[in-house]
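Chemist: Here is a sequence together with a model predicted from it:
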Amino acid sequence: MPHVEKGMAVGLFGGSFNPPHDGHALVAEIALRRLRLDQLWWIVTPGNPLKSQAGLAPLGERIERSERLIHDPRVKVTAFEAAHRIRYTADTLDLVKRRNPGVDFVWIMGADSLATFHRWQRWREIAATFPIAVIDRPGSTLAFLSSVMAKTYARARVDEDGAPRLSRMRAPAWTFIHGPRSSLSSTALRLLRDGD
Ligand SMILES: Nc1ncnc2c1ncn2[C@@H]1O[C@H](COP(=O)(O)OP(=O)(O)OP(=O)(O)O)[C@@H](O)[C@H]1O
Ligand SMILES: O=C(O)c1ccc[n+]([C@@H]2O[C@H](COP(=O)([O-])O)[C@@H](O)[C@H]2O)c1
């Protein structure tokens, strides 16, 4: 797990990154800037529990490609979940919180993840424990209104003007950040590669 100091604001950005692309880099950049983060942990998952593992590149390859893509020293590429045999984000977050008292964390995800967030293990507990920032993504913009999570926690939604304070807020608190969007996806990149 990367090193952090007490009092820091740290974004947690989990993903398959199969492969990583400029859309991910844009999410990281937007989150760092709009949420005023000191660090962003780019957490390469051993495998999304809701996705098939078929076609998933080895973890080492996804880490290496992420490191090659990212040049901002505030972004820490890590894959500590594998070492702890963790598959579910709720368990990741339990561990992160336990190990780093006094640090303010915020979970970061794209709008497509917001749309299916209610299928994640212990999702209500995640939302009730960690502030969440959702970054807009083409095709999923309306998730900020229509998703189960958005409806369940409608009263905990913070206007995006409040994004700089989000990491310091008590959960449940979440915001939806509009802004420059990227239509890149790992699926499209895999299709292009396989079509070569
Ligand atoms: N273009 C994008 N804009 C906004 N968020 C994105 C974008 N691409 C990925 N994300 C977000 O980044 C995180 C990691 O995504 P992931 O690694 O699954 O990439 P993906 O392109 O969605 O992959 P796949 O096409 O294989 O599902 C998720 O929270 C996802 O919502
Ligand atoms: O914990 C869950 O139930 C869960 C279900 C789906 C996705 N996640 C996490 O969400 C993050 C984004 O996954 P992905 O595959 O969309 O990049 C990654 O950290 C996954 O481990 C977690």
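Modeler: Noted; the coordinates are in hand. As the structure is a prediction and not an experimental result, all values here were calculated from the model. Residues are numbered from 1 along each chain as shown. Ligands and ions are numbered 1, 2, ... in the order given.

Chemist: is the helix or strand T116 falls within up against ligand 1 anywhere?
Modeler: In this structure, T116 sits in helix 111-116 according to DSSP states H and E. Yes. For helix 111-116, a contact with ligand 1 is found by CB under 6 Å from any ligand atom, at 112-113. The way it works is simple: take the backbone N, C-alpha and C, and place the C-beta from them, glycine included.

Chemist: Just list what that helix packs against, helices and strands only.
Modeler: strand 132-135, helix 143-146 (3 or more CB pairs under 8 Å, 6 or more residues apart in numbering; DSSP states H and E).

Chemist: What sits closest to the closest residue to ligand 1 within the chain if chain neighbours are left out?
Modeler: Closest to ligand 1 within the chain is G110: 2.2 Å, counting by CB to the nearest ligand atom. Nearest residue to G110, sequence neighbours excluded (CB to CB, 6 or more residues apart in numbering): R137, at 4.4 Å.

Chemist: mind listing what the one you found touches?
Modeler: Under the criterion of CB atoms under 8 Å, 6 or more residues apart in numbering, the contact list for R137 reads 23, 110-112, 181-182.

Chemist: For the biggest helix by length in the chain, name the packing helices and strands.
Modeler: In the chain, with assignment by DSSP state H, the single longest helix is helix 22-34. Counting contacts by 3+ CB pairs under 8 Å, 6+ apart, helix 22-34 is packed against strand 9-15, strand 39-44, helix 59-69, strand 104-110, strand 132-135, strand 174-177.
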